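Peer 1: below is the sequence, then the predicted model.
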Amino acid sequence: MIDRRTFVSKALSMGATLGASAGAGSLFASEPASGPAPKPSSQTPKKGGTLRVGFTQGALSDSVDPATFSNDFMFAYAYGVFNCLTEIAPDGTLVPELAESWEASPDARIWTFHLRQGIQFHNGKPLTADDVVASINHHRKVDSKSSAKPLVADIVSIKARGSDTVVMELNSGNTDFPFVFSLYNLVIHPAEGDSIDVTSMNGTGAYRVHTFDPGVRAVYQRNPHYWKPDRAHLDTIEIILVADPAARLSALITGGVDLIDRPDLKTLHLLERHPNVKVEQRTGNKHYTLPMLSDVAPFTDNNVRMAFKYSIDRQEMVDKILKGRGVVGNDHPIGPTVPFFNTELEQREYDPDKGRYYLQKAGLQTLNVKLHMADNSWGSDTVKGGVLFSESSARAGLKIDVIREPSDGYWSNVWLKKSFCASYSGGRPTADWMFTTSYAKGVAWNESRWDNAEFNRLLVAARSEFDLERRREMYFDMQKLVRDEGSTIIPMFGNYVDAMSHKVMHADQVASNFDLDGQRFMERWWLA
Amino acid sequence: MNAIITMILKRLGLGFVTLLVVSIVIFSAVELLPGDLAQEILGQSATPETVAAFRAELGLDQPAATRYFTWLGQILTGDFGHSLANGRSIADLLSIRLGNTLFLAAYAAAIAVPLSLLLGILTALYRNSLFDRAANVITLSSISLPEFFVAYILILFFSIKLQYFPSLANIYPDTPFGERLHRTLLPVLTLSLVVVAHMMRMTRAAIINVLASPYVEMAQLKGVSPWRVIVFHALPNALAPIINVIALNLAYLIVGVVVVEVVFVYPGLGQLLVDSVSKRDITVVQAVSLIFAGTFILLNLIADVLSIVTNPRLLNPR
């Protein structure tokens, strides 16, 4: 096991790290996605100024309870006002945040996190290990309503050792475990006894809350004592909710705001021509899915699933639904920037003859199915995508009836209930996280109820596998299994698109795990 | 006069019964919507376990009737309760939003009501002239266009091209009054364009109707000027229908402006209601619905009282 000092200096020199035992350290150092240190930005950040942002998502019902964060407004709040134990760097690798370093037992089952020293909450209280334990336990407790509960369910015990060390014991080994702590739900609050105060807005982050009016706006002011030396450039940030796409657009053009997320794709080519505005996009892990319930006929037969997979015209979908702002998917959920992305898989193309071949292999000449979708299942224009699919699959002998469901209540009434529907995923920073939460047997978000013995075996084995080559092989195999035997069609990956005035600046490399630099734009971006 | 007070009391009593019925209807309607707050907030990331924990925390696992009567008991003691979603006090939430909504409605009414009365009188005076036709065509066109379209056109010209007014009407409690007027002028113009036609046409029709009566002919024969005939002889007798239409439009300005609120990002009650319905935050939905229903009841009452007061025949029935 390497000692902490060596580890940290090595981490800093690499600009990217995932701490573990010596084996894991070298493992991730040679990972292609980690690569060399990111190129330093050509521009030097400037201090000061007020950034006004127009946001799409956010609601009156938003609560500051970290168990309930579910939209961009709250993600920005979480990463702006608080810190996590770990952070996803712009290049997709994991770097230390409140945890200065960490190491695992050889079986990756017991994890020790060393906290950074001298960190204070906004009210002056120093950060201790008890705060971390209380914050994580908020999501673990029996009556927790947290959407992060399944992610921390594997923790058997979590203990503070002294004031600067936290030891967690897992049910089974997991080499990617520290990635989980970069999630917005798992921000660190000050402990109040054994628990945390869920109404508190007292964090260790770059910004303090000045005004917080859910459904309307939030105003943040720079934390003068922020511990990261090269972050938090803006004095004030005002985030206004502008749900209407046209209103967001006109607010940007007229200078009412400096930055908007999710501009309307239909008019994006016109916006790009506007002299005062720059449009930016990044391909991330966000992907659109068409899950088929694998335990409901006719989808129990993999030949039927393959028939559908070959009958969707992916490029046409990207061109017409995403207006070219995305890339085709290959029926597995791992994005190209995720470590262990399978580079050897052949891209699946639209081939109705093959579709018909698989349909006949299933003993069928034609097949009628109903595809349930709401227009917002993929963000927008989902039903149009369904109609395109219906047209392209007709040539393979498939007949898809697109059923338009109401957007309101879609996730509680249609998704996971109808045998064929539309969904999306923001993607996850590691293959293990993605597969464990959405493709493993019996988990809550396994939207196709897929259960593949070989896949489930590999998934568990890969978690505690420290040999780089073997691990890579396992993840490559899992992606192939999902692609060829899975019960989810993944036609495309969508880009994160945002638009801003020319004075909004950021480093050359911008994260692609969420919108707006992984929703860390508050502490990373600046005004020219 | 006693008759009026009796009527007001009677109508207020009926109003309370109406509010009660409205609250039952709204509560049942939200109950009938698929899904509940726990599912809507957790959305795609919900698991059966976390949904159950969420429901238990909010008391959503209680039967609907129990929840309704608990809520009713609180309301009767003047407690609007707390938002289920984030625990904020509904009274605080409403006071700011209601203030904003009333401000927008009052601002729009201050422009639209005098304007439509004046146009109504002028078009009655110069009826069938070019002016009359132009005024009718313009106001009828603006009422025929959907609000969001009128709003986008105004934004395009006054905000994007001329840059006189901001496209976002985002006002906050600390916004100075002068700036409020400036920031909200575009939504106010939009609303005015939508409501002017109705009030103007009713004013015009009511006056023209009265102009056919014998006493108006008498006044004209005596040589009273046409302007004086309309303002002093015809208008007072045409007030009742005009007041009713104004009350209807004022109620609309308070309860029906959600589209304008969305387009201009104005933090009013309409957005609050839509947001709360989509999240099934039933305590907020109920509170806002009561305010909306109360607005209708009160404005109709005022309109009726004013109609009676301005009409001596109704004021002193034989």
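Peer 2: Looks like it came in fine.
Peer 1: give me every residue in the stretch 1-150 of chain B lying close to chain A.
Peer 2: B:33-35, B:37-51, B:53-54, B:56-57, B:83, B:85-88, B:93 (Cβ under 8 Å from any Cβ of the partner chain). All C-beta atoms are positioned from the backbone trio N, CA, C, and that covers glycine.
Peer 1: can you say which of these are buried?
Peer 2: By neighbour count, with 16 or more other Cβ atoms under 10 Å in any protein chain shown, the residues of the stretch 1-150 of chain B next to chain A hold B:35, B:37-42, B:44-47, B:49-51, B:53-54, B:83, B:85-86, B:88, B:93 as buried.
Peer 1: contacting residues for the single nearest residue of the stretch 51-200 of chain B relative to chain A?
Peer 2: Nearest residue of the stretch 51-200 of chain B to chain A (Cβ to the nearest Cβ) works out as B:Ala85 at 3.2 Å. B:Ala85 is in contact with A:Ala59, A:Leu60, A:Ser61, A:Asp62, A:Ser63, B:Leu37, B:Ile41, B:Lys279, B:Asp281, B:Val284, counting by Cβ atoms under 8 Å, 6 or more residues apart in numbering or on different chains.
Peer 1: so what's A:Lys384 up against?
Peer 2: By Cβ under 8 Å, 6+ apart, the residues touching A:Lys384 are A:Lys320, A:Ile321.
Peer 1: oh, I was asking about B:Ala56
Peer 2: B:Ala56 makes contact with A:Asp143, according to Cβ under 8 Å, 6+ apart.
Peer 1: what helix or strand is it on?
Peer 2: Secondary structure from DSSP states H and E places B:Ala56 in helix B:48-58.
Peer 1: chain center to that helix: distance?
Peer 2: The chain centre lies 37 Å from the centre of helix B:48-58; the measure is Cα atoms, centre = their mean, to the nearest Å.
Peer 1: give the residue spans of the stretch 1-150 of chain B that score low on pLDDT.
Peer 2: Low-confidence segments of the stretch 1-150 of chain B (pLDDT under 70): B:1, B:43-45.
Peer 1: in it, which spans are helices?
Peer 2: B:2-32, B:37-42, B:48-58, B:64-76, B:90-125, B:130-144, B:147-154 (DSSP state H, counting those that start in this stretch).
Peer 1: before we move on, what about the stretch 201-318 of chain B?
Peer 2: Assigned by DSSP H, counting those that start in this stretch, the stretch 201-318 of chain B shows helices spanning B:214-221, B:226-228, B:235-255, B:258-264, B:269-278, B:282-309, B:312-315.
Peer 1: all strands for the stretch 151-300 of chain A, in order.
Peer 2: Counting by DSSP state E, counting those that start in this stretch, the stretch 151-300 of chain A has these strands, from start to end: A:155-161, A:165-170, A:191-192, A:195-196, A:207-213, A:217-222, A:236-241, A:259-261, A:277-291.
Peer 1: among those, which comes closest to chain B?
Peer 2: Using Cβ to the nearest Cβ, the nearest of these to chain B is strand A:236-241, at 5.8 Å.
Peer 1: residues of the closest one that come out buried?
Peer 2: A:Ile237, A:Glu238, A:Ile239, A:Ile240, A:Leu241.
Peer 1: then stretch A:185-197?
Peer 2: A:Asn185, A:Leu186, A:Val187, A:Ile188, A:His189, A:Pro190, A:Ala191, A:Ile196.
Peer 1: kindly indicate which of these lies nearest chain B.
Peer 2: Nearest to chain B among those, with distances taken as Cβ to the nearest Cβ, is A:Asn185, at 9.4 Å.
Peer 1: next up, the contacts around that closest one.
Peer 2: A:Asn185 makes contact with A:Pro66, A:Ala67, A:Phe69, A:Ala78, A:His139, A:Ser146, A:Ser147, A:Ala148, according to Cβ under 8 Å, 6+ apart.
Peer 1: for it, which non-adjacent residue is closest in space?
Peer 2: Nearest residue to A:Asn185, sequence neighbours excluded (Cβ to Cβ, 6 or more residues apart in numbering or on different chains): A:Ala148, at 3.8 Å.
Peer 1: next, count neighbours for the one you found.
Peer 2: A:Ala148 has 22 neighbouring residues, counting by other Cβ atoms under 10 Å in any protein chain shown.
Peer 1: same question for A:Glu485.
Peer 2: When counting by other Cβ under 10 Å, one arrives at 16 neighbours for A:Glu485.
Peer 1: what's the distance between it and chain B?
Peer 2: According to Cβ to the nearest Cβ, to the nearest Å, A:Glu485 and chain B sit 24 Å apart.
Peer 1: also A:Ser311?
Peer 2: 26 Å.
Peer 1: what sits against that residue?
Peer 2: Contacts of A:Ser311 (Cβ under 8 Å, 6+ apart): A:Tyr350, A:Pro352, A:Gly355, A:Phe389, A:Ser392, A:Ser393, A:Arg395, A:Ala396, A:Leu398.
Peer 1: the fourth one: neighbour count?
Peer 2: This means A:Phe389. Look at A:Phe389: counted by other Cβ under 10 Å, it has 25 neighbours.
Peer 1: ok, and the closest non-adjacent residue to it?
Peer 2: Nearest non-adjacent residue to A:Phe389 (Cβ to Cβ, 6+ apart): A:Ile312, at 5.3 Å.
Peer 1: hmm, the one you found is touching A:Glu391, no?
Peer 2: No. Using Cβ atoms under 8 Å, A:Ile312 makes no contact with A:Glu391, being 10.4 Å away.
Peer 1: mean neighbour count and distance to A:Ser101 added to the helices of the stretch 201-318 of chain B, as CSV?
Peer 2: Formatted as CSV, the helices of the stretch 201-318 of chain B follow (neighbours: other Cβ atoms under 10 Å in any protein chain shown; distance: least, Cβ to Cβ, whole Å):
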stretch, mean neighbour count, distance to A:Ser101
helix B:214-221, 13, 94
helix B:226-228, 12, 88
helix B:235-255, 20, 59
helix B:258-264, 23, 48
helix B:269-278, 23, 44
helix B:282-309, 19, 46
helix B:312-315, 11, 86
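Peer 1: dump those helices into TSV; add distance to chain A as well.
Peer 2: Listed next are the helices of the stretch 201-318 of chain B as TSV, based on distance: least, Cβ to the nearest Cβ, whole Å:
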stretch	distance to chain A
helix B:214-221	50
helix B:226-228	44
helix B:235-255	18
helix B:258-264	5
helix B:269-278	4
helix B:282-309	8
helix B:312-315	45
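Peer 1: okay if I get those as CSV plus mean pLDDT?
Peer 2: Converted to CSV, the helices of the stretch 201-318 of chain B look like this (pLDDT from 0 to 100):
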stretch, mean pLDDT
helix B:214-221, 88
helix B:226-228, 85
helix B:235-255, 87
helix B:258-264, 86
helix B:269-278, 83
helix B:282-309, 85
helix B:312-315, 75
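Peer 1: let me see the contact set for the one residue in the stretch 51-200 of chain A that gets nearest to chain B.
Peer 2: The stretch 51-200 of chain A approaches chain B most closely through A:Ser61 (3.2 Å), counting by Cβ to the nearest Cβ. By Cβ under 8 Å, 6+ apart, the residues touching A:Ser61 are A:Pro214, A:Gly215, B:Leu37, B:Ile41, B:Ser83, B:Ala85, B:Asn86, B:Asp275, B:Ser276, B:Lys279, B:Asp281.
Peer 1: swap in 7 Å and give it another go.
Peer 2: B:Ile41, B:Ala85, B:Asn86, B:Asp275, B:Lys279, B:Asp281 (Cβ atoms under 7 Å, 6 or more residues apart in numbering or on different chains).
Peer 1: break down the stretch 251-400 of chain A into its helices, ranges please.
Peer 2: A:268-271, A:302-310, A:314-320, A:352-361, A:382-394.
Peer 1: and what of the stretch 1-150 of chain A?
Peer 2: Listed in chain order, the helices of the stretch 1-150 of chain A (DSSP H, counting those that start in this stretch) span A:4-14, A:22-29, A:72-81, A:129-140, A:149-152.
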